[in-house]
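> need a structure here:
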Amino acid sequence: MKNRRDFLKFSVAISALTLNRELFADTTDFSDYKALVVIYNGGGNDGFNTFIPSGDDQFTGYSNYIKARENIGVKDVELSLTTTDNQLDLSGGNPYNQNSDLTQSYTKGFYRHANMDLATNALMPEIAHLINQGKVAIVTNVGNLIAPATKAEFKAKTKKLPPFLFAHNHQTKLTMNGEASKLDYTGWAGRLFDNWIDVNSGDIYGMNISVGRTEHLFYGDRTEGLIIRPGGPTSYSHIKREIYEQLLADRQDDKFRQLYQELQQHSFAMQDTIVNDWKSNTLTFNSTNAYGGELFSEPSKEQLQQTNIVKADTSILKQLKAVTKLAYIGKNRGLKRQIFFVYDGGYDTHNNQSAQHSRKLRGMSLAIGDFQKALVEIGMENEVTTFNISDFGRSIGDNGDGTDHAWGSNLFVVGGAVKGGLYGTLPNLTLGSDDDLSHKGRLIPTISMSQYYGTILKWFGADEATLKKVVPELSNFDVKDLGFMG
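Modelled structure (predicted):
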């Protein structure tokens, strides 16, 4: 906490958590440790340039894809990955390299995968390698969806669309809610914590931790999440701490002020514990990244083969490094369930998409590659599942320089407990088809966020009764488990 605002936010979250733990007990008990890592691609990720339709089908395959994306379509060029001892090896150069320019590399080609009609963008070799190892599930055409519906039903208004479809703020809130029908205050992770409030035996960390910023995802009726900076928590300065403790020590006759003082004192103690945990747990790794450097270190521009103009956005590297340490601390403290939130913004690609999206995809792939290697080394690969979410997908048709707000998209789930492969039904990519709500390629999802979350949360330990509270719209769908978790 580097300033007064950070400290107050921390204090309020801790205070609410402490009060609620005492008022609302829960008997949920687990004997194992599991964690979820939620990566939020803020702005609306283009899931169909992340994972490119590569099949031969005239409607769902590459020919239809490139017809709609003449300006920013990824070329049908199959790239290969070099491995050493079954590990990705980029020390000899990047398969995506084209004139050391990420903008050009973005559309150079893709990595095909066995028995899968979606290929991985050239700028994501680490993720492509994990897919080949069977550690990634790609879930196609996912979005905020209240219930199964056709284009005809939406046009006839016999089925409801999510409110304010295609609007960033509203669709973000719905994605965080886990409910596509209403803009609720709570988030699905907050509601889960409400129901599992004592799952970690009253530990000060609670269950939900956001790395760097407050998120609606963690808002519950009775709980909130912690916020910890990517660089780790820091102590309040001794001078400020002494002054504040003197103020708290002043006797107050007002019962509310007395309670507030007690909670603030408790917050100080909790802060001290978290800071001490961070300082006393040092992680070092023998594994290296794909370039032979230290895990979570940023490769040089020469290694990445990029220009000074367009650089990979590697900010997520630091966040996932922090998550690795926090999960390690949590398991060693005896915690049973944790959810971590990582914000990765910059995906609103209306224009200059080849430059903007390329730098995001390269950074995300680097980070996830390092993160998975770190988890393997500390023995937590099967206990931590990482997945991405976003506001919405982007239009299949391009606007000349980018793509516009749309609906259904491709998402991914990574981890040792994941059953790798492609899940869902690939949509018809013809502009104006029955799968397109408009004439631009705004795909109607065939898998809801409720089903996506429900599958993950079932692995996480949520029973049927809990799922009804956390993702209530799951009951609207016949298929409640998509099958990608072990």
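> so after the helix or strand bottoming out on mean pLDDT in the chain, what's the next helix or strand?
For the chain, counting by mean pLDDT, DSSP states H and E, helix 4-23 ranks last in confidence among helices and strands (a mean of 43). The first helix or strand that comes after helix 4-23 along the chain, using DSSP states H and E, is strand 34-42.
> Pull the distance from the following helix or strand past that following strand to the chain's centre.
Note on strand 34-42: by DSSP H and E, the next helix or strand toward the C-terminus is helix 47-50. Put simply, helix 47-50 sits 16 Å off its chain's centre (CA atoms, centre = their mean, to the nearest Å).
> what residues does helix 47-50 touch?
Contacts with helix 47-50, where a contact means CB atoms under 8 Å, 6 or more residues apart in numbering, come from 65, 69, 72, 74, 106, 120-121, 124, 353, 357, 361, 390, 393-394, 396, 403, 409-412, 429. Any C-beta I mention is one placed from the backbone N, CA and C, and that applies to glycine too.
> what is the mean pLDDT for that helix?
Model confidence over helix 47-50 averages 98 on the pLDDT scale.
> so where is the stretch 251-400 of the chain shaky, pLDDT-wise?
Confidence mapping of the stretch 251-400 of the chain against pLDDT under 70 gives the ranges 251-254, 256-261, 263-264, 266.
> Go through stretch 189-205 and flag the buried ones.
Using 16 or more other CB atoms under 10 Å as the burial criterion, the residues of stretch 189-205 that qualify are 189-197, 199-200, 203-205.
> Now render the residues you listed as a markdown table, adding secondary structure.
Converted to a markdown table, those look like this (DSSP: H, G, I helix; E, B strand; the rest coil):
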| residue | secondary structure |
| --- | --- |
| 189 | helix |
| 190 | helix |
| 191 | helix |
| 192 | helix |
| 193 | helix |
| 194 | helix |
| 195 | helix |
| 196 | coil |
| 197 | coil |
| 199 | coil |
| 200 | coil |
| 203 | coil |
| 204 | coil |
| 205 | coil |
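> In those, find the pair that's most separated.
Taking CB to CB as the measure, the buried residues of stretch 189-205 reach their widest spread between 191 and 204, a distance of 21.2 Å.
> Who are the contact partners of residue 33?
Residue 33 makes contact with 330, 331, 335, 336, 337, 380, 383 under the criterion CB under 8 Å, 6+ apart.
> Please report how far it lies from residue 321.
Note on residue 33: its distance to residue 321, by CB to CB, to the nearest Å, is 19 Å.
> can you tell me which residues contact the closest residue in space to residue 333 that isn't next to it in sequence?
By the measure of CB to CB, 6 or more residues apart in numbering, the closest residue to residue 333 outside its immediate chain neighbours is residue 203, 6.2 Å from it. With contact set as CB under 8 Å, 6+ apart, residue 203 has these partners: 333, 334, 335.
> From these, pick the one nearest residue 154.
Residue 154 lies nearest to residue 335 out of the contacts of residue 203, by CB to CB, at 43.6 Å.
> Phi and psi next, for the closest one.
Torsion angles at residue 335 (phi, psi; degrees, to the nearest 10) stand at phi -70, psi 150.
> That one against residue 200, yeah?
Yes - in this structure, residue 335 sits in contact with residue 200. The criterion is CB atoms under 8 Å, and the distance is 4.6 Å.
> Could you tell me which residues touch both of these two?
Listed as contacting both residue 335 and residue 200 by CB under 8 Å, 6+ apart are residue 207.
> Near residue 345, how many other residues are there?
Other residues lying near residue 345 total 14 when counted by other CB atoms under 10 Å.
> ugh, wrong one, I meant residue 478
Taking other CB under 10 Å as the criterion, the count of residues near residue 478 is 7.
> Same question for residue 85.
The burial count assigned to residue 85 is 5, neighbours taken as other CB under 10 Å.
> How much space separates it from residue 360?
When distances are taken as CB to CB, residue 85 and residue 360 turn out to be 30 Å apart.
> Give me the ChimeraX select line for the contacts of residue 203, limited to the buried ones.
To isolate the buried members of those in ChimeraX, using 16+ other CB under 10 Å:
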select :333,335
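> Could you export the contacts of residue 203 as JSON lines, including distance to residue 168?
Putting those into JSON lines (distance: CB to CB, whole Å) gives the following:
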{"residue": "333", "distance to residue 168": "37"}
{"residue": "334", "distance to residue 168": "40"}
{"residue": "335", "distance to residue 168": "34"}
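> my guess is residue 444 contacts residue 149, does it?
Yes - Residue 444 lies in contact with residue 149 (CB under 8 Å); the separation is 7.3 Å.
> neighbour count winner among these two?
Between residue 444 and residue 149, counted using other CB under 10 Å, the more crowded position is residue 444 (24 against 16).
> give the contact list for residue 199.
Shown here is residue 199, whose contacts under the criterion CB under 8 Å, 6+ apart are 26, 28, 29, 30, 207, 336, 337.
> Give me the nearest residue to residue 172, chain neighbours excluded.
Of all residues beyond its chain neighbours, the one nearest residue 172 is residue 391 (4.9 Å), with distances taken as CB to CB, 6+ apart.
> Out of the contacts of residue 199, who's the most crowded?
By neighbour count, taken as other CB under 10 Å, the most surrounded of the contacts of residue 199 turns out to be residue 207 (28 neighbours).
> For that one, what are phi and psi?
phi -120, psi -30.
> From here on, call the first residue 16.
In the new count, where the first residue is 16, that last one comes out as residue 222.
> Are we agreed that residue 437 is in a helix?
No - using three-state DSSP, the secondary structure at residue 437 is strand, not a helix.
> Thanks again, I'm all set now.
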